[in-house]
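1. I'd like to go over a predicted model; first the sequence, then the structure.
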Amino acid sequence: MLTSLVGLPASELDTPALLVDLDILEANIASMAGDIAARNCSWRPHSKANKAPAIAHRELQAGAIGITCAKLGEAEVMVANGVYDILISNQIVGAIKTRRLAAINKQPGVDVKVCVDSLENVRQIGAAAVELGATVRVLIELNSGMNRAGIDPADAVDFAKVIAETDGVEFAGLMTWEGHTMGVKDQAERVAQIKNSVQQVLDAADAIKAAGIPVEIISCGGTGTYMTTAAMDGVTEVQAGGGIWGDELYMKLDAKVNPALTLMTTVVSRPTPTRVIVDAGRKTVDPSNVAPTPLGVKVDKAPVLSAEHGNVTLAEPSDCPKVGDHLCFRIGYSDQVMHLHECLYGVRNGIVEQIIPIAGRGRLQ
């Protein structure tokens, strides 16, 4: 039983093992919650970077109003574990999924909202809700420059009117993701583009209100943008979630957090004085966005990962680390490691304090 590992030194865990420093995690959660509250905005952290109800409850205790999920299956896991205020920031399409969405919203106290950008989808959700005697609250997703999903902000008023007239659904507000701005290296230009993107949503909200339709929610802002987005008057909530781990991607984008997440591996081979082979590859951490960084050794390039092995090239010949030693990695992008593990080991002062199930892993539907 994994619970038997509680109280052990983290160094005695089998590997690969995904560790979180609980002191740093708690400080990161408090930092993000405080920064958002100071901007008179609410926090609805995205759970795609943790998929763990225990982490969601920590965020709620720190002041979050609810959470964001990427998938309906993730939302079902969260509801089953007592998290009831959820926004699914994607489209839920098809007869099977819309019935599941309606069914989950029949449960007492549950408010699982969903984004829409198709009137056909609105009508499908409404029909499923009517059939099951439920009401589903929906947000219109707007394309404010990301060029992924979402309608043109200019079409928002007419879209909202159709939602307001459709049985089974209730218009709750607007959502966008200004993620395209994260690649802008100049900070001043990045801030300007974030504001331009979000302002399109605020202008659309004003137009909808002028048409006599209330707009309760304006949801946007990820970890790479929330310090700007949360301060914009009219934004009601931001979805920044991955920043709680302090991974390398978000550390470079102004979030006031520190690295909390570590992948502990074991050295299984030392073929040459500059080559270190560990027991973790792409099935343990996906390096395709930002590669993990080995700690405690000097390297000149990112590790090369195959399916089951990590290949670390040292900058200078060394007989350390030795076969059997641990080599830890700082995570480059939390979204691409959490879903590969069944649990997260919560560590405080080097001792395993908590085993955190990643209950939402594999929930792709």
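-> The structure has been received and is ready for your questions.

2. Off-centre distance for stretch 100-116?
-> 20 Å (C-alpha atoms, centre = their mean, to the nearest Å).

3. Please save the CA atoms from it in PDB.
-> C-alpha atoms of stretch 100-116 as PDB (Å, rounded to 0.1, in the frame of the first residue of the first chain):
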ATOM      1  CA  ARG A 100     -23.300  13.300 -19.100                       C
ATOM      2  CA  LEU A 101     -23.000  17.100 -18.800                       C
ATOM      3  CA  ALA A 102     -26.700  17.400 -18.100                       C
ATOM      4  CA  ALA A 103     -26.600  14.500 -15.700                       C
ATOM      5  CA  ILE A 104     -23.800  15.900 -13.600                       C
ATOM      6  CA  ASN A 105     -25.600  19.200 -13.300                       C
ATOM      7  CA  LYS A 106     -28.700  17.500 -11.800                       C
ATOM      8  CA  GLN A 107     -26.700  16.700  -8.700                       C
ATOM      9  CA  PRO A 108     -27.400  19.100  -5.700                       C
ATOM     10  CA  GLY A 109     -25.100  22.000  -5.500                       C
ATOM     11  CA  VAL A 110     -23.200  21.100  -8.700                       C
ATOM     12  CA  ASP A 111     -22.500  23.900 -11.200                       C
ATOM     13  CA  VAL A 112     -20.400  22.500 -14.100                       C
ATOM     14  CA  LYS A 113     -20.300  25.300 -16.700                       C
ATOM     15  CA  VAL A 114     -19.100  24.700 -20.300                       C
ATOM     16  CA  CYS A 115     -17.800  26.800 -23.200                       C
ATOM     17  CA  VAL A 116     -19.600  27.000 -26.500                       C
END
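
4. Rounded mean pLDDT for that stretch, please.
-> Mean per-residue pLDDT for stretch 100-116: 98.

5. how far does stretch 3-20 stretch from start to finish?
-> Taking C-alpha to C-alpha, to the nearest Å, stretch 3-20 runs 16 Å from one end to the other.

6. And the particular helix or strand that has Phe159 in it, what does it pack against?
-> Using DSSP states H and E, Phe159 falls within helix 156-164. Under the contact criterion of 3 or more C-beta pairs under 8 Å, 6 or more residues apart in numbering; DSSP states H and E, helix 156-164 touches helix 119-132, strand 136-141, strand 169-175, helix 187-210. Quick note: C-beta positions are derived from backbone N, CA and C, even for glycine.

7. Ok, which of these comes nearest Phe159?
-> When those are compared by C-beta to C-beta, strand 136-141 sits nearest Phe159, at 5.5 Å.

8. What angle do helix 187-210 and the closest one make with each other?
-> Angle of strand 136-141 versus helix 187-210, following axes from the mean of the first three to the mean of the last three C-alpha atoms, to 10 degrees, is 130 degrees.

9. Report the angle between strand 136-141 and helix 156-164.
-> Using the same axes, to 10 degrees, one finds that strand 136-141 and helix 156-164 are set 170 degrees apart in direction.

10. Any chance you could list what contacts the lowest-mean-pLDDT helix or strand in the chain?
-> Using mean pLDDT, DSSP states H and E, the weakest-scoring helix or strand in the chain turns out to be helix 248-251, at a mean of 84. Contacting residues not belonging to helix 248-251 are listed as 223-224, 242-243, 257-259, 289-290, 293, 330-333 [C-beta atoms under 8 Å, 6 or more residues apart in numbering].

11. Can you pick out the most distant pair from the residues you listed?
-> Asn258 and Asn289, at 20.1 Å, using C-beta to C-beta across these.

12. Which one's more surrounded, those two?
-> Legend: neighbour count by other C-beta atoms under 10 Å for Asn258 and Asn289, higher for Asn258 (15 against 12).

13. just checking, the more buried one touches Gly246?
-> Yes: counting by C-beta atoms under 8 Å, Gly246 is a contact partner of Asn258 at 4.8 Å.

14. what comes up buried for the longest strand seen in the chain?
-> Ranked by residue count and defined by DSSP state E, the top strand of the chain is strand 261-272. By neighbour count with 16 or more other C-beta atoms under 10 Å, strand 261-272 contains the buried residues Leu261, Thr262, Leu263, Met264, Thr265, Thr266, Val267, Val268, Arg270.

15. Check stretch 311-319 too.
-> Along stretch 311-319, these residues count as buried under the neighbour rule (16+ other C-beta under 10 Å): Val312, Thr313, Leu314.

16. hmm, who's touching it?
-> 270, 273-278, 294, 297-301, 303-305, 327.

17. could you redo the last one with a cut-off of 6 Å?
-> Pro273, Thr274, Val276, Ile277, Pro294, Val297, Lys298, Val299, Asp300, Pro303, Val304 (C-beta atoms under 6 Å, 6 or more residues apart in numbering).

18. and these, which are buried?
-> Here, 16+ other C-beta under 10 Å leaves Val276, Ile277, Pro294, Val297, Pro303 buried among these.

19. Figure out the length between the terminal residues of stretch 29-47.
-> Distance between the boundary residues of stretch 29-47 (C-alpha to C-alpha) amounts to 13 Å.
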